[in-house]
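# sequence below, structure please.
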Amino acid sequence: MENNINVFSDATTIVIDRCSINLEVEGHDNSGTVFIDVGTQRPERLPEGQQTTLSMRVPRNAGVRVGRMDKDARFERLAVVEIERASGDLDLREIGERCVVGKVEGDTSVRDIANLRLERVSGDLYLETVTGEVDIERVEGDVELRGFFNSFAPLRVSGDMILDAAFAPGQEYHFIVEGDVDVHWPTVADLVVQARVEGDVSGLPATEPSVRYGATWGAGASRLTLEIDGDLKIRDPGAGPAAGARQDPTT
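The predicted structure is shown next:
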């Protein structure tokens, strides 16, 4: 049996000091405010077979602040989400203004949000479409980026990376990856790529023997810099690198 709370009031802030069970917070079209402390609900005290999930329906324009989460959590269709620390997995979807998250010890999935500030992810990160700014300090697992990204601070990745994304004109993107990188360009790519790769490379011309590579697709409206300790593979669904990309001699 799940623990369910429905909120239909006039305030816009939900504060959770600590949550020791799984947490699901979903926005709806009403407005309201509620303050909740579920830190005393411990899974080991629940009857055998009972689900340890707290499900909440809150105002869609609400901001949710959580001090610490001991288990998994999902937040969907809210205005603001702020989390100090998450020990389990974290799922963020359709957050209209911003997400500010400290350390996540599990895996993290983020889809369709406005702005993201994330300190560190110990597991894997899946990130799809952020219309504003992205600032992530480090991901210790693998990273998969899909969709559109407007602004992206330099990102360090300890694992592998899949990059299947569109970039905003005039913006620069910088990824430092200890593992392998697999890149899928959009059908029409428009960017300059500079890469330092210690491993094998396919799909990108070399500008210096063995290590440095560079090319320009289209007019080069965006700029992508890659520092890779592993291998780099670029898959071009439009024109192949020989026809659609030109070597950048200044890389």
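# would you map the helices across the stretch 101-250 of the chain?
Secondary structure of the stretch 101-250 of the chain (DSSP state H, counting those that start in this stretch): helices at 241-244.
# low-confidence ranges, it, go.
187-188, 207-210, 236-250 (pLDDT under 70).
# for it, which segments count as strands?
Ranges of strands within the stretch 101-250 of the chain are 108-113, 116-121, 125-139, 143-152, 155-157, 161-167, 172-177, 181-184, 191-197, 201-202, 212-217, 222-228, 232-235, 245-247, based on DSSP state E, counting those that start in this stretch.
# redo the ones you listed as a markdown table? Include mean neighbour count and distance to residue 61.
Backbone N, C-alpha and C define where each C-beta goes, glycine included. Converted to a markdown table, the strands of the stretch 101-250 of the chain look like this (neighbours: other C-beta atoms under 10 Å; distance: least, C-beta to C-beta, whole Å):
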| stretch | mean neighbour count | distance to residue 61 |
| --- | --- | --- |
| strand 108-113 | 20 | 15 |
| strand 116-121 | 20 | 19 |
| strand 125-139 | 19 | 18 |
| strand 143-152 | 19 | 23 |
| strand 155-157 | 20 | 30 |
| strand 161-167 | 20 | 29 |
| strand 172-177 | 19 | 31 |
| strand 181-184 | 19 | 36 |
| strand 191-197 | 22 | 36 |
| strand 201-202 | 15 | 48 |
| strand 212-217 | 21 | 40 |
| strand 222-228 | 20 | 33 |
| strand 232-235 | 19 | 41 |
| strand 245-247 | 18 | 45 |
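# format those strands as TSV; extra columns: distance to residue 73.
TSV is the format used below for those (distance: least, C-beta to C-beta, whole Å):
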stretch	distance to residue 73
strand 108-113	10
strand 116-121	14
strand 125-139	15
strand 143-152	20
strand 155-157	23
strand 161-167	24
strand 172-177	27
strand 181-184	29
strand 191-197	35
strand 201-202	39
strand 212-217	39
strand 222-228	32
strand 232-235	34
strand 245-247	42
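# so for residue 100, which of those sits nearest?
Among the strands of the stretch 101-250 of the chain, the nearest to residue 100 by C-beta to C-beta is strand 116-121 (4.6 Å).
# what lines up beside the closest one in the sheet?
Strand 116-121 has these partner strands in its sheet, going by DSSP bridges: strand 90-104 (parallel), strand 125-139 (parallel).
# got the contact list for the last one?
Same thing as strand 125-139. 98, 107-121, 124, 141-153, 155-159 (C-beta atoms under 8 Å, 6 or more residues apart in numbering).
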